[in-house]
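1. Give me a 3D structure for the following:
(one chain, ligands or ions: 1)
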Amino acid sequence: MTDTLHTPGIHHVTAIASDPSENHAFYTETLGLRLVKRSVNQDDVGVYHLFYADDAGTPGTSMTFFPYTDARSGRVGTGQATTVSFVIPDDAVDYWVDRLESRAIGTNRFERFGDEVIAFEDPDGLPLELVARADAPAGEPPAGPVPEERAIRGFFAVELALVDPDPTVRLLEAMGYEATEDDESAGRRRFESTGDRGFVVDVVTDPSTPQGSPGAGTVHHVAYRVTDDEQAAWRELLREHGLRPSEVIDRKWFRSVYVRTHGGVLFEFATKEPGYDVDEPRDSLGERLVLPEWSENRREEIEDGLPPLSLTATE
Ligand code: ZN
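-> Predicted coordinates for the structure are as follows:
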């Protein structure tokens, strides 16, 4: 049963930020993503949960944040998903280098496994990349400051920094990933699944990488796309790998199983359904604060407890 399971790729990636307004300005104005959901951390309603994605909130395009205004900076390192990569059209590299440099964001441009890559950091120091690919899916780019033909088309990859990669590699292979590339000198192995976006996981084992510690500028978890009828089988597969998956948790826009993997990285298996437009129309996604039903009767108190969040463009 479990040997037929496979995920096409990333559903969303969630990271920790500090200032919510700065986070919003960077992901919407600089990177041109759309705020598709403004909610609160369901486990800590004094903290926002902000979701940025393509125009439709398509699974495989959404980068989400818990911005803790008083967060200490984390350290990017082993036991974490370290770098998050987005895919751009292959003729958009010059555009993006100019765009980032014109905003005083330092970039590093190089080639990896035949793809042009632009590496940079978000305001909290989270390592990001734009990877230029001829197979970037057309998708539904947001109407925003970035021209449609240059826009980010969703995720390309996540990088996992692991001290002892073997158990995680076995898990990735059971999830449907196949080894495709290997750069031994960099300690980097590439695994690919079958989706049109977010289908790459790079496993990096580099003795010079420090141990990661959580905080602003680090990834909290990586979620993979699954279907509802597979959740029980995913839980079984995770147990077969010696892991302890959570129950299926209803996150309103998707249903999820969470598991801490052998190397320390938190994985989530999130359904494509029902999606971000289940509780607000697609045209006005992200415009109002959406709360879990169980906390609606505390809306006023929750709104008062949230930090200031400026949604006004500064350009
Ligand atoms: Zn998640």
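2. And the lowest mean pLDDT element among the helices and strands of this structure?
-> When the helices and strands of the chain are scored by mean pLDDT, DSSP states H and E, strand 249-250 comes last with a mean of 92.
3. can you list contacts of that one?
-> 255-258 (CB atoms under 8 Å, 6 or more residues apart in numbering). C-betas here are computed from N, CA, C, even on glycine.
4. redo that, cut-off 6 Å
-> With CB atoms under 6 Å, 6 or more residues apart in numbering as the test, strand 249-250 has contacts from residue 256.
5. Residue 22 in helix, strand or coil?
-> Residue 22 falls in the helix class when you classify it by DSSP: H, G, I helix; E, B strand; the rest coil.
6. residues touching it, list them.
-> By CB under 6 Å, 6+ apart, the residues touching residue 22 are residue 123.
7. Quick check: beta-bridge partners of residue 221?
-> Counting by DSSP bridges, residue 221 is bridged to residue 14.
8. surely it meets residue 268?
-> Yes: look at residue 221 against residue 268 with CB atoms under 6 Å: they come within range, at 5.3 Å.
9. Given the least confident helix or strand of the chain, what are its sheet partners and their directions?
-> Short version: by DSSP bridges, strand 249-250 pairs with strand 254-260 (antiparallel).
10. Could you give the separation of the helix or strand following the partner strand from the chain centroid?
-> Elements were assigned by DSSP states H and E; along the chain past strand 254-260, the next helix or strand is strand 266-274. How far strand 266-274 lies from its chain's middle: 12 Å, per CA atoms, centre = their mean, to the nearest Å.
11. List the neighbours of strand 266-274 that are in contact with it.
-> 11, 59, 221-226, 228, 234, 254-261.
12. swap the cut-off to 7 Å and go again
-> The set of residues external to strand 266-274 that reach it, using CB atoms under 7 Å, 6 or more residues apart in numbering, is 11-12, 59, 220-228, 231, 234, 253-261.
13. Flag every buried residue along it.
-> Judged by neighbour count using 16 or more other CB atoms under 10 Å, the buried positions of strand 266-274 are 266-271.
14. What of stretch 157-172?
-> 157-162, 165, 168-169, 171-172.
15. I'd like the average pLDDT over it.
-> On average, the pLDDT along stretch 157-172 is 98.
16. so where do the helices sit in the chain?
-> Using DSSP state H, the helices of the chain run over 20-24, 93-102, 166-174, 231-240, 299-305.
17. Find the one among these with the highest mean neighbour count.
-> Mean neighbour count (mean count of other CB atoms under 10 Å) peaks for helix 20-24 among the helices of the chain, with a mean of 21.
18. now that one, how far from the chain's geometric center?
-> 16 Å.
19. Please work out how many residues are found near whichever residue of the stretch 101-250 of the chain sits closest to the ion.
-> Nearest residue of the stretch 101-250 of the chain to the ion: residue 223, at 4.5 Å (CB to the ion). Counted with other CB atoms under 10 Å, the neighbours of residue 223 add up to 26.
20. Relative to residue 209, how far out is it?
-> Applying CB to CB, to the nearest Å, the value for residue 223 to residue 209 is 23 Å.
21. Could you pull up the residues touching the closest residue to the ion within the stretch 1-150 of the chain?
-> Nearest residue of the stretch 1-150 of the chain to the ion: residue 14, at 4.6 Å (CB to the ion). Applying CB under 7 Å, 6+ apart, we find residue 14 in contact with 64-66, 220-221.
22. Pipe the residues you listed into TSV and attach neighbour count per row.
-> Below are those laid out as TSV (neighbours: other CB atoms under 10 Å):
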residue	neighbour count
64	21
65	27
66	21
220	17
221	20
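23. From these, pick the one nearest residue 304.
-> Closest approach to residue 304 among the contacts of residue 14 (CB to CB): residue 66, at 19.0 Å.
24. still on that earlier bit, bridged to the residue nearest to the residue of the stretch 101-250 of the chain closest to the ion when sequence neighbours are not counted, which residues?
-> Nearest residue to residue 223, sequence neighbours excluded (CB to CB, 6 or more residues apart in numbering): residue 268, at 3.7 Å. In this entry, residue 268 is beta-bridged to residue 223, residue 258, by DSSP bridges.
25. Contact residues of this structure facing the ion?
-> Residues of the chain lying close to the ion by CB under 5 Å from the ion are 14, 223, 268.
26. Turn these into JSON lines, including pLDDT and distance to residue 303.
-> As requested, these are exported to JSON lines (pLDDT from 0 to 100; distance: CB to CB, whole Å):
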{"residue": "14", "pLDDT": "98", "distance to residue 303": "22"}
{"residue": "223", "pLDDT": "98", "distance to residue 303": "27"}
{"residue": "268", "pLDDT": "98", "distance to residue 303": "27"}
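27. With distance to residue 191 added, can I get these in a markdown table?
-> Shown next, in a markdown table, are those (distance: CB to CB, whole Å):
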| residue | distance to residue 191 |
| --- | --- |
| 14 | 21 |
| 223 | 17 |
| 268 | 18 |
